[in-house]
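Participant: using only what follows, build the 3D model:
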Amino acid sequence: MAFARVVAALAAFVTPAIALADPRLLFAFTVVANAIGLFWVPRLPKARELEDVPT
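Facilitator: You can find the predicted model right below:
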């Protein structure tokens, strides 16, 4: 949880600078992030698949 918050804080810190420098670069980062979310994240294992459930 802490790692995710640090990454989000760094992204929030850098995003305005990227937007001022080159808005197209910010758009490219957004497209890449959306592609990762659409194609890679659904392939991750679900929590139920990771834990051993005694039967």
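Participant: element containing the residue nearest the centre of the chain?
Facilitator: The chain has A33 as the residue nearest its centroid, 6.2 Å off, counting by CA atoms, centre = their mean. Using DSSP states H and E, A33 falls within helix 23-39.
Participant: now do that helix: distance to the chain's middle.
Facilitator: Relative to the mean C-alpha coordinate of its chain, helix 23-39 is positioned 10 Å out (CA atoms, centre = their mean, to the nearest Å).
Participant: buried set for it?
Facilitator: Buried residues in helix 23-39, defined by neighbour count with 16 or more other CB atoms under 10 Å: L26. Every residue, glycine included, has its C-beta placed from N, CA and C.
Participant: what does that helix contact?
Facilitator: The contact list for helix 23-39 (CB atoms under 8 Å, 6 or more residues apart in numbering) reads T15, I18, A19.
Participant: could you export those to CSV, including columns for distance to V6, pLDDT and secondary structure?
Facilitator: Shown next, in CSV, are the contacts of helix 23-39 (distance: CB to CB, whole Å; pLDDT from 0 to 100; DSSP: H, G, I helix; E, B strand; the rest coil):
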residue, distance to V6, pLDDT, secondary structure
T15, 15, 92, helix
I18, 18, 92, helix
A19, 21, 93, helix
